[in-house]
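Q: coordinates only, no sequence provided:
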């Protein structure tokens, strides 16, 4: 007997999603659908970007949070709501609660980015910092709910939340009626499950592909086992899909309706975020860029028209800086080299002349003179260079070696 027979699939219907769409009218934005000529050329078919990064609060999470809280009984609303999140769900619950006049308490990890903490407070929620990881924060929120009677608003494992997220699927069908493939990132599975319910009910031939970060991919082993299983210590820069165990309700839907779940690596996520910024002029967080990462990894695998769901744009500026540098390095546009040279006047100028001759742009230079591995007249120099691709990186290394420098790997 399939795991989905526990009621997961039938717990969310097309009528539920349509009801959620009516409820969200005037609350959530109908986000833009933007074409991407660059991705279309790569895929050999039209590719469109569904820009949930431009949604209120910066992600799709407002949709599900609002539908869930709006559906509470008056006495439940009076008790308030509580949630646990490192960012997007926190902001969605905070704004939804403010719009509905419900008091919200949101538990966030102590290491959550300051912009996300500030935004959650500005939307009107009481923020409590607890724990170092989301699992600890989640436990604290559930304890608070048990002690106070506040209603716990789960980020993905509830039919109302899934119905709210499914409104993204209805918009996709309205904006791109000929869509043949929808690619969507998966963490706990609420967004993918909601889209699948809506789209498969109306257009069962549309292929739905889920994407997970390779270091936090709980769905492939769960689907193989036929039940949700946990991944220990999930690790990825894409914190929006960094979930160690699928939700029970979305798992049953995804098992039945999602055609395939792929994984992408950190280099691919970085490259996708960089592409969204440079080519589409869109600020997207790593989780939101995961469908683009899947396209970049295997562009010919998806029948078009393709819609890639950019699920969120709430990225910490510090992380953005690191990810962009990582993405540039992955594309051969950023090169860090260490080498040894004679420590004498003019040596650095000579080195910079070699780099200038091969059109390498020097971003940063640092010196080490006191390492015991160095000779008495040697210095070690680390340079961060902006380059023009993998071939250019090879040319830079070759030019340095031909000039007599010892490049340290």
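A: Right, received. Where do you want to start? Note that the structure is a prediction, hence the values are computed from the model and not measured.
Q: any low-confidence regions in the stretch 101-250 of the chain?
A: 133 (pLDDT under 70).
Q: hey, where'd the helices end up in it?
A: Secondary structure of the stretch 101-250 of the chain, counting by DSSP state H, counting those that start in this stretch: helices at 114-122, 134-148, 159-175, 190-202, 219-225, 248-257.
Q: which of those helices sits most buried?
A: With neighbours defined as mean count of other CB atoms under 10 Å, those peak in mean count at helix 190-202, which reaches a mean of 28. C-beta coordinates here come from the backbone N, C-alpha and C atoms, glycine included.
Q: and the angle from that helix to helix 248-257?
A: 40 degrees (axes from the mean of the first three to the mean of the last three CA atoms, to 10 degrees).
Q: what's the offset of helix 190-202 from the middle of its chain?
A: 19 Å (CA atoms, centre = their mean, to the nearest Å).
Q: next: stretch 113-120.
A: With CA atoms, centre = their mean as the basis, the distance from the averaged C-alpha position of stretch 113-120 to the chain average is 17 Å.
Q: quick check: residue 180 touching residue 307?
A: No. Here residue 180 does not reach residue 307: they are 9.1 Å apart, not a contact under CB atoms under 8 Å.
Q: of those two, which one has the most company?
A: Set side by side, residue 180 and residue 307 show more neighbours around residue 307, with 29 against 17, by other CB atoms under 10 Å.
Q: give the contact list for the nearest residue to residue 121 once chain neighbours are set aside.
A: Here the nearest residue to residue 121 in space, its sequence neighbours aside, is residue 127; by CB to CB, 6 or more residues apart in numbering that works out to 5.2 Å. When contacts are counted by CB atoms under 8 Å, 6 or more residues apart in numbering, residue 127 is found next to 90, 106-108, 117, 120-121.
Q: among the residues you listed, which pair sits farthest apart?
A: Of all pairs drawn from the contacts of residue 127, the widest gap by CB to CB lies between 107 and 121 and measures 13.0 Å.
Q: how near is the residue lying closest to residue 59 once chain neighbours are set aside to residue 54?
A: Distance criterion CB to CB, 6+ apart; nearest residue to residue 59, sequence neighbours excluded, is residue 312 at 3.3 Å. Here the criterion is CB to CB, to the nearest Å. By it, residue 312 lies 10 Å from residue 54.
Q: residue 229 too?
A: As it turns out, when the distance is counted by CB to CB, residue 229 lies 35 Å from residue 54.
Q: cool, residue 317 as well?
A: Residue 317 sits 18 Å away from residue 54 when distances are taken as CB to CB.
Q: neighbour count: the two, which is higher?
A: Comparing residue 317 with residue 54 by neighbour count (other CB under 10 Å), the higher total belongs to residue 54, at 18 against 10.
Q: can you pull the pLDDT of that one?
A: pLDDT, the model's per-residue confidence, is 96 for residue 54.
Q: so what does the residue nearest to it when sequence neighbours are not counted have for phi and psi?
A: With sequence-adjacent residues excluded and distances taken as CB to CB, 6+ apart, residue 54 is closest to residue 31, at 5.2 Å. Summarising the backbone geometry of residue 31 under the convention degrees, to the nearest 10, its torsions are phi -70, psi 160.
Q: just use 353 as the starting number from now, easier for me
A: Sounds good: first residue 353 from here, last item residue 383.
Q: which residues are in contact with residue 372?
A: When contacts are counted by CB under 8 Å, 6+ apart, residue 372 touches 415, 419, 512, 515-516, 518-519.
Q: could you do residue 491 as well?
A: When the contact criterion is CB under 8 Å, 6+ apart, the partners of residue 491 are residue 483.
Q: surely residue 655 meets residue 534?
A: No. Under the criterion of CB under 8 Å, residue 655 makes no contact with residue 534, lying 11.0 Å away.
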